[in-house]
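[1] structural data only, the sequence is not supplied:
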């Protein structure tokens, strides 16, 4: 798949803000500070009432599936253009670059009672049936197709200005949510999106995140220039670390980086200092307010207060199974080939509901397709009468490519 330098510049961000939200409930002091988010965070009407937790029910008395997305957008959470000097620092072009595609998609599953969380990544180029009658395309285009259709429809009705932007963005988010539900078989209960600047500010707010690379890198497209080994990165360097695409084996290598960064971020927030340092905590809350959009019905205060059992070691990561990294398509170039039935079986097994959602299955690891990076798993889900195998996901540890 041939990409222009502009294409290489498009960022792929781990949705760091949600990790911040998830772990801010770890201490009483942090929870009190979290109340500041109640009036400062941007919300959107994107979750259907049937998927929301019933009124009067604590959210963690039932399983929760949270869709985290990173938008390839050059605006902040309120729709304001990002400063050009910041875009220059991030090697992100200008306001005409990027767009309304979802460059990162991660479904976080938290079981009833608030036990160990599982995060499943969906490659942005997965070729799937989009919700809303848009046909078969790369999954990252669901947002832009839903938004553009809404812009045309709403404009014809006389809607304009801020109202048009808000309502069309909500339509894009709904198309993305429904497409992910269609692919995975899950019901999405909550939604959170982060913009380009959010990755920068969140990593700075926690004082940097420790990562480890197997080899030194020097990529002129993303600006990534790092030595091999353990290092602490923040701000522009953090964004370069997760957005580098040129020089890696495939997009799956970048997903592994996202997962490694996400695990390290959670460890950083839960570690010594972040939650008890008034300055760091204030900076973290300010970063969340400026970069995160969540669904309108999400009671963050109640949710965070119920996450006392969450720890950095209680987040496991996986990636949906892929069959090919270079599937030719009629109009979208090369894409990632996935089998929806296989994806549903994989997700059901990982979420601990294999018997009810996908029948009795066993999970065996097969030889990954050519170009699959170390640490990414290609799973072969085959029907049998045996008990489902343990979830094929593991905590992120060690160095990455």
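    Sure, I can see it. Not measured: the values here are computed from a predicted model. Numbering: from 1, shown residues only.

[2] which single helix of this structure contains the most residues?
    Counting residues, the longest helix found in the chain (DSSP state H) is helix 161-184.

[3] which elements pack onto it?
    Counting contacts by 3 or more C-beta pairs under 8 Å, 6 or more residues apart in numbering; DSSP states H and E, helix 161-184 packs against strand 42-44, strand 64-71, strand 102-110, strand 126-130, helix 142-156, strand 190-194, helix 340-350. Quick note: C-beta positions are derived from backbone N, CA and C, even for glycine.

[4] average pLDDT for the fifth one, rounded please.
    Spelled out, it's helix 142-156. Across helix 142-156, pLDDT averages out at 94.

[5] next, the angle strand 102-110 makes with that helix.
    110 degrees (axes from the mean of the first three to the mean of the last three C-alpha atoms, to 10 degrees).

[6] I'd say residue 248 and residue 401 touch.
    Yes: contact status for residue 248 versus residue 401: in contact at 6.3 Å, counting by C-beta atoms under 8 Å.

[7] what's stretch 124-142 in contact with?
    With contact meaning C-beta atoms under 8 Å, 6 or more residues apart in numbering, stretch 124-142 is reached by 1, 12, 101-105, 122-123, 145-146, 149, 172, 175-176, 178-183, 251, 320, 322, 327, 329, 331-332, 334-338, 340.

[8] report the buried members of these.
    12, 101-105, 122-123, 145-146, 149, 172, 175-176, 178-183, 251, 320, 322, 327, 334-338 (16 or more other C-beta atoms under 10 Å).

[9] tell me, how many residues neighbour residue 282?
    Counted with other C-beta atoms under 10 Å, the neighbours of residue 282 add up to 13.

[10] ditto for residue 129
    Applying other C-beta under 10 Å, we find 14 residues neighbouring residue 129.

[11] one more: residue 154?
    17.

[12] same question, the one 5 residues further on
    In terms of burial, residue 159 registers 16 neighbours under the definition other C-beta under 10 Å.

[13] which residue comes closest to it once chain neighbours are left out?
    residue 167 (6.6 Å; C-beta to C-beta, 6 or more residues apart in numbering).

[14] the one you found: how many residues sit nearby?
    Using other C-beta under 10 Å: residue 167 sits among 17 other residues.

[15] what do you get for residue 113?
    Other residues lying near residue 113 total 11 when counted by other C-beta under 10 Å.

[16] doesn't it lie inside a strand?
    No: going by DSSP: H, G, I helix; E, B strand; the rest coil, the assignment for residue 113 is coil, not a strand.

[17] how much space between it and residue 64?
    11 Å (C-beta to C-beta, to the nearest Å).

[18] next: residue 205.
    Residue 205 is 25 Å from residue 64, by C-beta to C-beta.

[19] now do residue 401
    Separation of residue 401 from residue 64 (C-beta to C-beta): 32 Å.

[20] need the contact list for residue 254.
    Residue 254 makes contact with 12, 242-245, 248, according to C-beta under 8 Å, 6+ apart.

[21] the stretch 201-350 of the chain: strands as residue ranges?
    For the stretch 201-350 of the chain, the strands defined by DSSP state E, counting those that start in this stretch occupy 209-213, 217-218, 225-226, 229-233, 292-295, 315-319, 324-328, 334-337.

[22] now the closest residue to residue 111 other than its chain neighbours: phi and psi?
    What sits nearest to residue 111 in space, not counting adjacent residues and going by C-beta to C-beta, 6+ apart, is residue 63, at 5.5 Å. Here is the backbone geometry of residue 63 (degrees, to the nearest 10): phi -60, psi 140.
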